[in-house]
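Undergrad: I need the structure of the sequence given here:
(one chain, ligands or ions: 1)
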Amino acid sequence: MKLSKLLCAAAFGCLLASPAFAQNQIVIKFSHVVAPDTPKGKGAEKFRELAEARTGGKVKIEVYPNSQLYKDKEELEALQLGAVQMLAPSLAKFGPLGAKEFEVFDLPYIFPNKDVLVRVTNGPVGKQLFQKLESKGITGLAYWDNGFKIMSANKPIHLPTDMKAQKLRIQSSKVLDSQMRALGALPQVMAFSEVYQALQTGVVDGTENPPSNMYTQKMHEVQKHATLTNHGYLGYAVIVNKKFWDGLPADVRTQLEGAMKDATTFANDIAQKENDDALAAMKASGKTEFYTPTKEEAEAWRKALLPVHKEMEGRVGKELMESLYKEAAAAGFKM
Ligand code: LMR
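TA: All right, here's what the predicted structure looks like:
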């Protein structure tokens, strides 16, 4: 780097560090519950990098991964209180807020593939769901991908009946509760940060998550078996405290919106590979035996789980469900 550039960078660095500048700097605390090397973790880091660069240092993003600052339920309360400014909770965690329609994303087999998912989140349904957060003091900024979930346990799981009486950790979603009960299992809502220890001590026998979450929480060390069911989807809503967001200077908000847009593209572009790499790493570790259901077995899983849709119509909303079925049909898939 040329001397002049170095001197300029040094001067700018001093300016940024000066107490006066620091006093005027806008700080955004971005809390989340997963490891940094996950789709969400890397998306948060990318947003930090872009937001600080695009605002010329006027905004500082403090990312707190792995439930360092707040665990699942606490983080939404902290956001509404303004103790943190940004989160990216799983779409399965908005029911306790009163936005139970978000649990449409938890319905088994609701998305035949990610293309249909993106048509939903980028379309009117995605916008309508974000509108439901406004009255809770929350503004939805983006949808970030993770992936399709696999089942894990300490016994071989080939058919739905193998899940009978298994104690299974789930996120705080009534649809996921119904899903596990449809398998004859015993669902237990638990914070993500507590899952590893619960599996290690036998408080629960198994759980579900995309491979990236299973691997980065080292669940493969405490789960002897996993089955590549891909029976459901896990993704995120990036959300901010509405009062904070509306109170930002307009130019800063625009710069942050641009940074969020590009961080969203980045996070969604890496999600599938992050999950593929995590699955490969777990297989290579030899600690968990991975099973791929046969065509007939996969059909048995669908048959066992699809009744959850009818059961959850009243909670999620029949009209909302039908709009997702229409998107799938438009892509050539019949629910
Ligand atoms: C879980 O609680 O299993 C996930 O929602 C964690 C996450 O944020 O991916």
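Undergrad: the helices in the stretch 201-335 of the chain, which residues?
TA: 211-216, 242-246, 250-285, 295-305, 307-316, 318-330 (DSSP state H, counting those that start in this stretch).
Undergrad: ok, which residues in the protein are in contact with the ligand?
TA: 33-34, 40, 90, 146, 171, 192, 209, 213 (Cβ under 6 Å from any ligand atom). Just so you know, the C-beta spots here come from the backbone N, C-alpha and C atoms, and that holds for glycine as well.
Undergrad: So which of those sit within helices?
TA: Members of these lying in helices (criterion: DSSP state H): 40, 213.
Undergrad: Tell me which two in the residues of the chain next to the ligand are the farthest apart.
TA: The largest separation in the residues of the chain next to the ligand, counting by Cβ to Cβ, is between Lys40 and Gln171 at 13.9 Å.
Undergrad: These two: which is more packed in?
TA: Lys40 (28 against 25; other Cβ atoms under 10 Å).
Undergrad: winner for burial among the helices of the stretch 201-335 of the chain?
TA: Comparing those by mean neighbour count (mean count of other Cβ atoms under 10 Å), helix 211-216 ranks first with a mean of 26.
Undergrad: that older thread, could you dump the residues of the chain next to the ligand to TSV with pLDDT?
TA: Below are those laid out as TSV (pLDDT from 0 to 100):
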residue	pLDDT
Val33	98
Val34	98
Lys40	98
Ser90	98
Asn146	98
Gln171	98
Phe192	98
Asn209	98
Asn213	98
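Undergrad: which residues does Tyr109 contact?
TA: 231-232, 302, 305-306, 335 (Cβ atoms under 8 Å, 6 or more residues apart in numbering).
Undergrad: ok, now Pro124?
TA: Pro124 touches Ser323, counting by Cβ under 8 Å, 6+ apart.
Undergrad: about what we covered before: tell me the one of the residues of the chain next to the ligand nearest Gly140?
TA: Ser90 (13.7 Å).
Undergrad: before we move on, the earlier item: got the helices of the stretch 201-335 of the chain as a markdown table, with distance to Phe111 columns?
TA: A markdown table is the format used below for the helices of the stretch 201-335 of the chain (distance: least, Cβ to Cβ, whole Å):
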| stretch | distance to Phe111 |
| --- | --- |
| helix 211-216 | 17 |
| helix 242-246 | 28 |
| helix 250-285 | 13 |
| helix 295-305 | 13 |
| helix 307-316 | 13 |
| helix 318-330 | 7 |
